[in-house]
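would you be able to build a 3D model of this:
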Amino acid sequence: MVFYSLTPNKLFQHLVKKVSEFNSSPTEEGMYEVIFPLCHLCEWICPKGKSSYENKDEKCLTKEEILHKKLYGIKSYETVRLLCNNAKHYNDRKGLSKRISSLKGARVGLMRVGDLLGITHFMIDGEEVRSVFWEVFLAYREFFDKP
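The predicted structure follows:
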């Protein structure tokens, strides 16, 4: 299934661009643009989800099923899903409003090379969201980079 000419690979290329922009200059709008493809690309890659592999031997899993299983085993992916669903439904699932915050200005331990001094650090459970996003993004990148 496709959405016009948008394929999982094209959605990933879009994600690459949005993650790069967000990492360079984190904004609420940028987070919104990253979070949806970061969460839902998995469904485009493995549309049947866990049901496609739950009764299969590990050795028989497809590349797509391996990615799905891997993502659902990453705590950061659960965090991405929570953020995405809260943004999508605009409600406070699992007390998210008490778990998120933002810090204006460069902070030791959070700043990265190239960050501007006026950066905003978006936090969840004491972790900067760029780190959360990056772990999930790397799983996708590995999937698309391997033949």
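
just say helix, strand or coil for the residue nearest the centre of the chain.
Within the chain, the residue whose C-alpha comes closest to the C-alpha centroid is L38; the distance, by C-alpha atoms, centre = their mean, is 3.4 Å. Following DSSP: H, G, I helix; E, B strand; the rest coil, L38 is assigned to helix.

distance check, it against W134.
To W134, L38 is 10 Å away according to C-beta to C-beta, to the nearest Å. The C-beta positions use only the backbone N, C-alpha and C, and glycine is treated the same way.

go on, M111?
15 Å.

same question, Y32
Remark: distance between Y32 and W134 (C-beta to C-beta) = 17 Å.

kindly report the same for H89.
Computed as C-beta to C-beta, the H89 to W134 distance reads 25 Å.

look at these two and report which has more neighbours.
Neighbours per residue (other C-beta atoms under 10 Å) separate H89 from W134, with W134 holding more: 14 against 9.

hey, where'd the helices end up in this structure?
Listed in chain order, the helices of the chain (DSSP state H) span residues 8-24, 28-45, 63-72, 75-89, 96-99, 129-145.

what packs against the helix or strand of the chain with the lowest mean pLDDT?
Scoring the helices and strands of the chain by mean pLDDT, DSSP states H and E places helix 96-99 at the bottom, with a mean of 85. Under the contact criterion of 3 or more C-beta pairs under 8 Å, 6 or more residues apart in numbering; DSSP states H and E, helix 96-99 touches helix 75-89.
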